[in-house]
Structure formats: C-alpha cells, structure tokens
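> dropping the sequence and predicted coords here.
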Amino acid sequence: MMTPEDIEALFTRADGSYVFARWGRPIAPIVFGVEDRTLSTVKGAFEAVMALSGHKMAETDPELGSNTMVFFLRDWDELAAVPDLDRLVEGLAPLLERLKSIEANQYRVFRFDEAGAIKACFIFIRMDDELSQLPAETLALSQVVQSVLLWSDLAFTKRSALGQLDDGRVVLRPEIAGLIRAAFDPVMPSFADDPSHALRLHARLSTQAPSQ
C-alpha cells in the first residue's frame, strides 16, 4: 500500500503546493479526430474508470453539453481551426505556441466550479511517433486516468499510472486504482489544498477490501 507521503507527492505540484480536485458532476465525454473503432476504445476507457471510481457518466452536461472533450490531432495548429475553442480554453493561442516550442505531445486543461471541483476537461493529444506506437487501449486508459483527478504536474513523470500483466495486457496499477476509489468516496471532499488531505486518502485506502 502507498504511504501518506506517496499520496501527498501525487498531488504536490512543482511549486510545492498541494492541490487536489475530483469531478463534481457526471462526466459527459466527446471525442474528436478518431475512427469509430478508436472512439469505442476511448469511451470504453471512460466507462471502466467510472465503474472503478463509482462516479457517473452522462450523455450530456446541462451547462456545457459535453464537459470532457478529447482531441486527437497530428499538429498543434489544428486546434486553432476548431470553432469557438478559444472561447472554451482561455489563452489558447499562446498555449499552442508554447506546446509547439516544447514539442509536447499531450496537454490537459481543467475548469472548476465554485467549490473547486472539476467541471470540465479538455484533453489534447498530438499523435507523434512516440504516441503512435502505443496501443489505442493503453493511450485511452492513460488519458482518462490523468483526467479523472487533478494530479500533480509531476505525478507520473517517473512512473506511469499503468502497469503490464504477465500476459502483456496493460492495466491500471492497483495502488492508483485504489487511490481513485478513495478519492471518490462520498465522505471525501471534492477539493483540498492542505496536505493533511493525503492522510485522509490513506485512511480510506486502509479500509478498502484486499480483493478490490
């Protein structure tokens, strides 16, 4: 099991601040730029993670229509041509210039409600040579896991949230799966900025059945 320090590190940002947020409303995803087969894979990943977390999915969000937009693209400039995206993502133009300058292949933008809970997420995936080598299932699961909570910007830089079974299948690491379940426990807050929150997450992990 992860220690409280391990959990705290997953939500401690590069500037040293502790920030945690989970979704405060059902997730209503929409996916752009993929074939139907990949679309089914991405939606399947959302369904699997929602089933794990106990959180809900919805066909539409009453305020935003879709509150989780996943864009697959080959070049960052493609996003500049998406109608009204600059109204949904503040500072889109300078963001795209920065992503191009560092040759990034993925980026996530979160929006939050008045209580600090996640209310929208925009997931941008540029299919460079590295990401194109990944199976669709692996890429989809990785992106969904990274958007279901507000993780630290350093959370998975040294070790992926995913692991590989003996038969070659890629799955969510058990400790990360347990942490997501704990984070969505109804008794836990939707937002926290005090490191003591990691102790509460650890306590919820301790109460989970070994078989989970």
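Nice, thanks for sending it over. Residues are numbered from 1 along each chain as shown.
> end-to-end on stretch 8-23?
19 Å (CA to CA, to the nearest Å).
> how about the strand ranked longest in the chain, which residues are buried there?
Using DSSP state E to define each element, the chain has its longest strand at strand 118-126. For strand 118-126, a neighbour-count test (16 or more other CB atoms under 10 Å) marks 118-126 as buried. Any C-beta I mention is one placed from the backbone N, CA and C, and that applies to glycine too.
> could you list the residues in contact with the top helix by length along the chain?
Longest helix in the chain by number of residues, with DSSP state H as the criterion: helix 36-53. Outside helix 36-53, the residues that touch it by CB atoms under 8 Å, 6 or more residues apart in numbering are 27, 29, 31, 34, 56-57, 68, 70, 72, 136-137, 140-141, 143-145, 148, 172, 177, 180-181, 183-184.
> show me which of those are buried.
Buried among those (16+ other CB under 10 Å): 27, 29, 31, 34, 68, 70, 72, 136-137, 140-141, 143-145, 148, 172, 177, 180-181, 183-184.
> still on that earlier bit, so the longest helix of the chain versus strand 118-126, what angle?
140 degrees (axes from the mean of the first three to the mean of the last three CA atoms, to 10 degrees).
> tell me what whatever helix or strand comes next after helix 36-53 is packed against?
Per DSSP states H and E, the first helix or strand lying C-terminal to helix 36-53 is strand 68-73. When contacts are defined as 3 or more CB pairs under 8 Å, 6 or more residues apart in numbering; DSSP states H and E, strand 68-73 packs onto strand 29-32, helix 36-53, helix 77-80, strand 118-126.
> stretch 152-159: end-to-end distance?
So stretch 152-159: terminal residues 13 Å apart, CA to CA.
> what's the closest non-adjacent residue to the most centrally placed residue in the chain?
Nearest to the geometric centre of the chain sits residue 147, at 1.3 Å (CA atoms, centre = their mean). Spatial nearest neighbour of residue 147, excluding adjacent residues (CB to CB, 6 or more residues apart in numbering): residue 121 at 4.7 Å.
> which residues touch residue 205?
1-2, 7, 178-179, 182.
> tell me the buried residues in the strand or helix carrying it?
Assigned by DSSP H and E, residue 205 belongs to helix 196-207. By neighbour count on 16+ other CB under 10 Å, the buried set for helix 196-207 is 197-198, 200-202, 204-205.
> please apply the same query to stretch 150-162.
150-152, 155-156, 161.
> so how far does it reach from one end to the other?
17 Å.
> picking up where we left off before, give the rounded mean pLDDT of the helix holding residue 205.
Average pLDDT, helix 196-207: 94.
> care to break this structure down by domain?
According to automatic domain parsing, the chain comprises the domains 1-22+149-212, 23-133.
> weakest of those in terms of mean pLDDT?
domain 1-22+149-212 - the lowest mean pLDDT of the domains of the chain, at a mean of 92.
> picking that back up, for residue 113, see how far away the residue nearest to residue 147 is.
Separation of residue 121 from residue 113 (CB to CB, to the nearest Å) stands at 13 Å.
> residues in contact with stretch 142-160?
Counting by CB under 8 Å, 6+ apart, 9-14, 19-23, 27, 42, 45-46, 48-49, 53, 55, 68, 70, 106, 108, 110, 118, 121, 123, 125, 134, 161-162, 172-173, 176, 180, 183 sit against stretch 142-160.
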